[in-house]
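> my questions are about this predicted structure, shown below with the sequence.
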Amino acid sequence: MIPFPASTVLGYPRIGPRRELKRALEAYWDGRATIEELRRTGAELRAATWRRLDELGLGALPSNTFSCYDHVLDTAIMLGAVPERYRAATPEDTAFAMARGTDGVPPLRMTKWFDTNYHYIVPEIGPETVFRLDPAKPVGEVREARALGCETRPVLLGPVTFLLLSEGGSDLGRLDDVLGEYERLLGVLAGEGVAWVQFDEPAFVADRTAAEIAALRRAYERLGAVTRRPALFVASYFGGLGDALPALAATPVEAIGLDLVRGAPEGLGVLAGKTVVAGVVSGRDVWRTDRERALRALLAVREHAAQVVVSTSCSLLHVPYDVTREDGLDPAVRERLAFAEQKVAEVVELAAALPGAVTAPAPAVHAPAAPASVSGGGRSPYAVRAAAQAEALGLPPLPVTTIGSFPQTGELRAARAALASGELDEAAYEGLVRAEIERVIRLQERLGLDVLVHGEPERNDMVQYFAEHLEGFAVTRHGWVQSYGSRCTRPPILHGDVRRPAPITVRWTSYAQSLTAKPVKGMLTGPVTIVAWSFVRDDLPLREVVFQVADAVREEVRDLEAAGTAIVQVDEPALRELLPLRGQAERERYLEWAVAAYRRATSGAGDRTQIHTHLCYSDAESILAAVDALDADVTSVESARSHARLLAEPAVAGFGRGLGPGVYDIHSPRVPTEAEVEKSVRAALAVLPAERVWVNPDCGLKTRTYPQVEAALTTLVAVARRLRARL
Ligand SMILES: CN1c2c(nc(N)[nH]c2=O)NC[C@@H]1CNc1ccc(C(=O)N[C@@H](CCC(=O)N[C@@H](CCC(=O)N[C@@H](CCC(=O)O)C(=O)O)C(=O)O)C(=O)O)cc1
Ligand SMILES: N[C@@H](CCS)C(=O)O
Ligand SMILES: [Zn+2]
């Protein structure tokens, strides 16, 4: 066996330091570029990554960390798990069909990658799925890197996590079939002269049944028994492996990867004889690594393992490329930061320091101060509020609304860029935003929506915009992180105490309201989501940080109300995302404080003010009881792609307030037919009282075009009116 080099990373960003992949993808999708041009951009990005990692002195370089859309999707394609309806001429087009849909064929579902803001495409596995290995992608990357003089370790999603994340695969009934393909893959990679392969099994940092852990063990016993194969490195991340660690350690795999940032270094005695790839540099935040803490963790592992390799806690996919480009950041903040490049340098430096390192005692940990007590809601019970709001708003049954954003046009984005560069002045920019608000209001009036929105044209992003207006946050110019496909965000950096110096949204909402007699919803992002989609200081318990943000949102809710806004939506799409991966008690504790934070943000509103919330991009069904406890008057939930599943949830029938299960899948350019929308609304009416059903899309419309939005909303209004007349 070739020894594992002393340092590595589990994966690297792939969107490109200047979002080259985003631009290439969108050009290809729009017909402005050929597949060859897209492939060339991919190859250039991969080459640049390997060269840079090599220059930085990293010992072992990963490959197959690139993806044109998503690595879970790539794994499904590699295994041949492609539903017939998506098959296309090239693997890229097949992937895009699965991820984005094609004419008349809706795409596969997309959901959160564990507790991150990255989204993966959920593979669809059925009894009819015929697995057939196509190793072209991992093999192609190995060869490509070799041509540049770099030996690499292909990174693949492990077979058990692949199935656990799949629709129809999570009972592991097809595990043996999938393992057959992974066995073949090992043979192919051995034939290519690959020394090590990485299989990611992050599903085992979440609570797993004994049967699932036994399946993990069986899988790697089987793969370990392949006679001609590379050495096996099984990586875990986003937490500790718990009972899965001894199970995995009992298999013949040569190396195990542990997240030592989030997972406690416990039960390491089972690692005798193994190489441990020790994730001590966080891939989930942007803070510089505490060197002493990292060395202590490495030394603890060294006491048990045959070899210790210094690594990141997870792929660096979740952090931006390079902090040295951020010349606009306050130097006092910037010096605390490390992005992907800086984290690689930290890994290399720690690996160099480890041989001569000696254990230093850990500093005493002081128990954090008890958090400030949370005031309960000051509002009347829902029934009282509902009556007050019915009188104040006079809405028809099955009210039609949207989730907030309208298409973010190229002109708006270009104007914001021009404002930032000084080419456009504030007044001209403001004029453009106002014109866009007026256009959105007139459109909604013309289409006949019941509750209007201003369309969020002034926002670059629903979190970054608020961060730019709150003290305690810094924002980056180039710190892009992939969220899904070609879509990226620049997560703000929450580095200090949060405070709202002045109202943020009131003037836009008030302006929109001044244009119409219909109610315009105020639109805010909730405290959990603002924190979840930022890089957050690590010197305060998360809940205290969230409460600080909740207080800022609370002030904004009150100011909106005082300005005459009758409906305020406080979005919490990340509520499910922060749910701890392990432990029922931990999950309950989290939901308790997350709900308390939401109520703190919203409970300053009076009974006549209708509070809405919105959830998307995650399996919200599992936390519906907590969603009900948010005590929002109306909740919109993404569900167009999994309508039946949401409505079958017993908690839906018992849901005590207004509910708008999404009836328009905004991820797809496809416009739903009236028949489809009517079926969805009828399904909601079958389980919920009509007076509590709302008609709305799954999420905001910012990624869609005006023609698509106009057609889809026309359909929603037509269906609502028809069904309303029959109630
Ligand atoms: C709702 N979702 C969100 C999540 N996370 C967020 N932080 N925000 C969200 O809305 N998570 C769950 C879901 C799904 N995820 C996403 C993530 C990202 C997008 C999206 O549409 N992203 C845009 C970028 C948005 C943005 O920041 N825009 C800026 C900068 C625009 C830009 O690229 N400017 C150009 C210059 C302008 C020009 O000439 O065109 C440049 O800088 O080069 C802005 O509008 O000012 C994306 O395109 O990726 C959606 C859902
Ligand atoms: N109000 C936001 C929510 C997205 S989750 C929007 O409409 O884009
Ligand atoms: Zn949403």
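On my side now, so go ahead. Ligands and ions are numbered 1, 2, ... in the order given.

> give me phi/psi at the nearest residue to Asp177 once chain neighbours are set aside?
Closest residue in space to Asp177, ignoring its immediate chain neighbours: Phe131 at 5.1 Å, by Cβ to Cβ, 6 or more residues apart in numbering. Every residue, glycine included, has its C-beta placed from N, CA and C. The phi and psi values for Phe131, taken as degrees, to the nearest 10, are phi -80, psi 130.

> just the one 10 residues further on next, same as before
Main-chain torsions, Glu141, degrees, to the nearest 10: phi -70, psi -40.

> tell me the pLDDT of it.
On pLDDT, Glu141 comes in at 98.

> any idea how far Glu144 is from the nearest residue to it once chain neighbours are set aside?
Among residues not flanking Glu141 along the chain, Ser63 sits closest, at 4.1 Å (Cβ to Cβ, 6+ apart). Note on Ser63: its distance to Glu144, by Cβ to Cβ, to the nearest Å, is 8 Å.

> need the residues touching each of those two.
Arg46 (Cβ atoms under 8 Å, 6 or more residues apart in numbering).

> domain parsing for this structure?
20-356, 382-469+504-725 (automatic domain parsing).

> between those domains, which one is nearest to Arg490?
When those are compared by Cβ to Cβ, domain 382-469+504-725 sits nearest Arg490, at 5.7 Å.

> centre of the chain to the closest one, how far?
Here domain 382-469+504-725 is found 18 Å from its chain centre; the criterion is Cα atoms, centre = their mean, to the nearest Å.

> quick check: end-to-end length of it?
Start and end residues of domain 382-469+504-725 are separated by 27 Å (Cα to Cα, to the nearest Å).

> that one and ligand 2 in contact?
Yes - interface with ligand 2: domain 382-469+504-725 contributes 403-405, 462, 523, 571, 573, 614, 616, 699-700, 702 (Cβ under 6 Å from any ligand atom).

> quick one: least confident of those residues?
Among the residues of domain 382-469+504-725 next to ligand 2, Cys616 has the weakest pLDDT, 90.

> my guess is that one contacts Thr635, does it?
No - counting by Cβ atoms under 8 Å, Cys616 does not reach Thr635; the two are 11.1 Å apart.

> Ala99 contacts Leu73, correct?
Yes - between Ala99 and Leu73 a contact is recorded at 6.0 Å, counting by Cβ under 8 Å.

> can you count the residues close to Ile437?
24 (other Cβ atoms under 10 Å).

> looking at Ser63 and Glu144, which is more packed in?
Under the criterion of other Cβ under 10 Å, the comparison of Ser63 against Glu144 puts Ser63 first, with 26 against 18.

> now the one residue in the stretch 501-650 of the chain that gets nearest to ligand 1, nearest residue through space, not along the chain?
With Cβ to the nearest ligand atom, the shortest gap between the stretch 501-650 of the chain and ligand 1 falls at Trp533, namely 4.3 Å. Spatially, and ignoring its direct neighbours in sequence, Trp533 is nearest to Val463 (4.4 Å; Cβ to Cβ, 6+ apart).

> show me the contacts for that neighbour.
Val463 neighbours (Cβ under 8 Å, 6+ apart): 489, 491-492, 525, 529-530, 533-534.

> could I get these as TSV with secondary structure, pLDDT and neighbour count?
Output for the contacts of Val463, formatted as TSV (DSSP: H, G, I helix; E, B strand; the rest coil; pLDDT from 0 to 100; neighbours: other Cβ atoms under 10 Å):
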residue	secondary structure	pLDDT	neighbour count
Thr489	strand	98	18
Pro491	coil	98	27
Pro492	coil	98	26
Thr525	strand	98	28
Thr529	helix	98	27
Ile530	helix	98	31
Trp533	coil	98	24
Ser534	coil	98	25
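
> how close does the residue nearest to Asp177 get to ligand 2?
35 Å (Cβ to the nearest ligand atom, to the nearest Å).

> and if you look at Ile121?
Distance of Ile121 to ligand 2, computed by Cβ to the nearest ligand atom: 18 Å.

> pretty sure that residue is touching Gly101, no?
No - counting by Cβ under 8 Å, Ile121 does not reach Gly101; the two are 11.1 Å apart.

> mind showing which ranges of this structure have poor pLDDT?
Low-confidence segments of the chain, defined by pLDDT under 70, span residues 359-361, 363-377, 643.

> try it again with 50
367-368, 370-371, 373-376 (pLDDT under 50).

> what residue lies at the spatial centre of it?
In the chain, the residue lying closest to the centroid (Cα atoms, centre = their mean) is Asn117, at 2.0 Å.

> which one is that one nearest to, not counting chain neighbours?
Nearest one to Asn117, counting by Cβ to Cβ, 6+ apart, is Trp533 at 5.3 Å.

> tell me who's in contact with the one you found.
117, 463, 489, 491-492, 574.

> for Ala552, same thing?
Taking Cβ under 8 Å, 6+ apart, we find Ala552 in contact with 470, 498-500, 527.

> with those residues in mind, which one is nearest to Arg229?
Closest to Arg229, out of all of the contacts of Ala552 and judged by Cβ to Cβ, is Pro527, at 48.8 Å.
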